[in-house]
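Undergrad: Show me how the following folds:
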Amino acid sequence: MLENLSERLQGIFSGLRSKGRLTEDDINDAMREIRLALLEADVNFKVVKAFVKRTKERCLTADVLDSLTPAQNVIKIVLDELTELLGRTDSKLVLGSRIPNVIMLVGLQGSGKTTAAAKLAYRLMQESHAPLLVACDVYRPAAADQLQTLGDEIGARVYRGDGRDPVAIAREGVQDAIDSLRDVVIIDTAGRLHVDDDMMAEARAIRDAVRPDQILMVVDAMTGQDVVNVVEAFAAEVDFDGVIMSKMDGDARGGGALSIREVTGKPIKFISSGEKPDSLEEFHPDRMAKRILGMGDVVSLIESAVRVQQAEEEAVEAERMAKGNLTLDDFVTMNRQIRKMGGVSKLVSALPGGDKALGSGQVDEGALDAMEVIINSMTKEERARPEVLNGSRRARIAAGAGVTVTEVNQLIKKFNETKKMMRKMTAGIEQQAGKKGKRGKARRRRGLPGMGGMSLSDLKKIQDMMGE
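TA: Just a heads-up that it's a prediction; the model follows:
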């Protein structure tokens with residue numbers, strides 16, 4: 001989603017960087033290209049007009065044109081304005097003191113409400129809450145069954161009710177949460193293919209019956225410019241508090257996501273990519289803006305790593321790995337940690353220029369899996385002491401893994417390169433720690449959890465080695 005826009009903008013900025021000084025004509029040409037790129041991404045035309053006007057006015061100041069790095073200043077201004085367009089500040093989901101808190105989801109049919117409800121429940125469970133899912137869609141065939149299945153997968157209680165009155169089911173669901181000691185209620189409401197009076201009337205009736213603490217609208221990111229009209233209609237009729245943007249992994253142009261805050265004033269609270277329960281992420285305008293401009297989203301990647309951090313007993317193991325004492329079992333451990341973070345593709349996409357690398361096929365997403373198959377064909381001793389791998393052992397391993405001896409040799413070569421890199425990296429860190437004392441030592445431990453203290457740049461180097 002938004003990859004084409006990102007590529008277009010990066011191309012525009014590349015052209016600006018090639019010029020030592022910028023003239024007013026250069027700025028005008030760049031703004032014209034940015035306007036076209038945003039319109040082609042399906043951003044609302046009124047939003048594009050206002051965005052370009054503000055950006056152009058700031059870029060044409062003497063401070064920019066007469067500076068030593070005018071292109072960098074222009075990029076910073078575009079980043080600032082894009083962040084402002086997306087919301088400027090984070091808008092987190094804040095639960096009140098009321099028990100249970102009631103969260104009501106609204107939106108069109110097919111927007112992903114039911115899946116979003118389960119993902120939100122899963123997220124709250126990770127934060128030590130006990131959510132209850134309430135199935136109030138009595139029209140779509142098997143809607144309640146779908147919610148029940150999703151609830152069972154994540155271990156969340158689901159209230160379905162016995163009747164066909166969604167208002168009564170919502171009210172009963174809140175009471176069930178009280179009876180079963182649940183502190184959050186998530187109400188999945190029915191949608192329609194288009195905005196209509198019946199849907200809005202039902203949403204208002206449920207709202208008035210349960211008095212939700214938060215009303216979140218689920219929006220399909222693939223809807224395009226029409227999403228603005230839909231969001232405006234719901235804002236006028238139901239007055240929701242924020243947006244969950246679903247299907248951010250789709251291949252549509254996705255410009256609607258850039259239009260919502262500007263047109264309605266309603267913040268995007270969460271974005272969702274994929275079907276996994278843990279794929280609902282808090283929306284950070286500044287990080288999204290940087291990613292659109294090809295600057296990556298390193299902070300989110302670090303947070304993702306923190307979420308999959310192993311228990312404290314791994315600290316000793318991580319320290320050993322950080323010193324470069326790697327075994328082939330450690331390679332398998334790193335592979336599994338990367339999987340928990342969303343896989344190689346997600347890791348690389350969060351790095352500056354990562355989306356472009358993925359799009360051009362430069363990243364081999366199966367490299368780590370192929371590596372694990374070879375390692376699993378080794379004995380325990382061979383994994384712990386790769387130096388014992390002579391020619392006959394390598395031939396046996398290749399036969400067991402269904403690969404060639406050459407591929408086994410390549411794996412061992414990459415392993416040795418990684419080991420050398422980590423030893424070199426650790427030596428540098430320890431030298432720095434010696435200069436800065438305790439402060440330096442503390443920094444040494446700020447690598448990715450469960451990854452042997454490695455930094456993101458180190459992970460990228462390992463990925464480059466494995467993808468050769």
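
Undergrad: which strands and helices sit next to the helix or strand containing Thr83?
TA: Thr83 is part of helix 70-86, with elements assigned from DSSP states H and E. Judged by 3 or more C-beta pairs under 8 Å, 6 or more residues apart in numbering; DSSP states H and E, the packing partners of helix 70-86 are helix 3-17, helix 24-40, helix 45-59, helix 62-65, helix 260-264, helix 285-292. Quick note: C-beta positions are derived from backbone N, CA and C, even for glycine.

Undergrad: got the angle between the last one and helix 3-17?
TA: For helix 285-292 against helix 3-17, the angle by axes from the mean of the first three to the mean of the last three C-alpha atoms, to 10 degrees is 80 degrees.

Undergrad: same check, this time on the longest one
TA: For helix 24-40 against helix 3-17, the angle between stretch directions is 180 degrees (the same axes, to 10 degrees).

Undergrad: give me the low-pLDDT residue ranges for this structure?
TA: Within the chain, the stretches with pLDDT under 70 are 1-2, 65, 67-68, 224, 250-254, 296-325, 334-368, 421-468.

Undergrad: out of the helices and strands packed on helix 70-86, nearest to Ala235?
TA: Taking C-beta to C-beta, helix 260-264 is the member of the helices and strands packed on helix 70-86 nearest to Ala235, at 5.1 Å.

Undergrad: Relative to the whole chain's centre, how far out is the closest one?
TA: 21 Å (C-alpha atoms, centre = their mean, to the nearest Å).

Undergrad: quick one on the thing from earlier: let me have the helices and strands packed on helix 70-86 in JSON lines, extended by distance to Ile77 and mean neighbour count.
TA: Compiled in JSON lines, the helices and strands packed on helix 70-86 are given as follows (distance: least, C-beta to C-beta, whole Å; neighbours: other C-beta atoms under 10 Å):
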{"stretch": "helix 3-17", "distance to Ile77": "11", "mean neighbour count": "17"}
{"stretch": "helix 24-40", "distance to Ile77": "10", "mean neighbour count": "17"}
{"stretch": "helix 45-59", "distance to Ile77": "5", "mean neighbour count": "17"}
{"stretch": "helix 62-65", "distance to Ile77": "7", "mean neighbour count": "13"}
{"stretch": "helix 260-264", "distance to Ile77": "17", "mean neighbour count": "21"}
{"stretch": "helix 285-292", "distance to Ile77": "12", "mean neighbour count": "22"}
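
Undergrad: Quick check: which of those helices is nearest to Leu120?
TA: helix 260-264 (18.4 Å).

Undergrad: which residues are in contact with the closest one?
TA: Contacts with helix 260-264, where a contact means C-beta atoms under 8 Å, 6 or more residues apart in numbering, come from 44, 46-47, 50-51, 85-87, 219, 227-228, 231-232, 235, 243, 245, 266-268, 285.

Undergrad: And the residue nearest the centre of the protein?
TA: Closest to where the C-alpha atoms of the chain average out (C-alpha atoms, centre = their mean) is Glu281, at 5.7 Å.

Undergrad: Just checking: what are the partner strands of whichever strand or helix holds it?
TA: For Glu281, the host element (DSSP H and E) is strand 280-282. Applying DSSP bridges to the sheet, strand 280-282 is found paired with strand 268-272 (antiparallel).

Undergrad: Report the angle between the partner strand and helix 70-86.
TA: Orientation of strand 268-272 against helix 70-86 (the same axes, to 10 degrees) gives an angle of 100 degrees.

Undergrad: And the contacts of strand 268-272?
TA: Strand 268-272 is contacted by residues 86-87, 91-93, 112, 115-116, 119-120, 216, 221, 241-248, 257, 260-261, 279-283, 285, 288 when judged by C-beta under 8 Å, 6+ apart.

Undergrad: ok, and for it, which residues are buried?
TA: For strand 268-272, the neighbour count (16 or more other C-beta atoms under 10 Å) marks 268-272 as buried.

Undergrad: rewinding a little: need the helices and strands packed on helix 70-86 in TSV with distance to Ile206, can you?
TA: Listed next are the helices and strands packed on helix 70-86 as TSV, based on distance: least, C-beta to C-beta, whole Å:
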stretch	distance to Ile206
helix 3-17	37
helix 24-40	37
helix 45-59	31
helix 62-65	51
helix 260-264	21
helix 285-292	30
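
Undergrad: in the stretch 51-200 of the chain, which spans are helices?
TA: For the stretch 51-200 of the chain, the helices defined by DSSP state H, counting those that start in this stretch cover 62-65, 70-86, 113-126, 143-154, 166-179, 197-210.

Undergrad: Dump the last one to CSV, keeping only the CA atoms.
TA: The C-alpha atoms that make up helix 197-210 are tabulated as CSV, following Å, rounded to 0.1, in the frame of the first residue of the first chain:
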residue,chain,number,x,y,z
ASP,A,197,-30.7,5.1,6.8
ASP,A,198,-31.3,1.6,8.3
MET,A,199,-27.7,1.0,9.1
MET,A,200,-27.3,4.4,10.7
ALA,A,201,-30.5,4.1,12.7
GLU,A,202,-29.3,0.7,14.1
ALA,A,203,-25.9,2.1,14.9
ARG,A,204,-27.4,5.0,16.8
ALA,A,205,-29.8,2.6,18.7
ILE,A,206,-26.9,0.4,19.8
ARG,A,207,-24.9,3.5,20.8
ASP,A,208,-27.7,4.9,22.9
ALA,A,209,-28.4,1.5,24.5
VAL,A,210,-24.8,0.7,25.7
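
Undergrad: Can you check what angle separates that helix from helix 166-179?
TA: 30 degrees.
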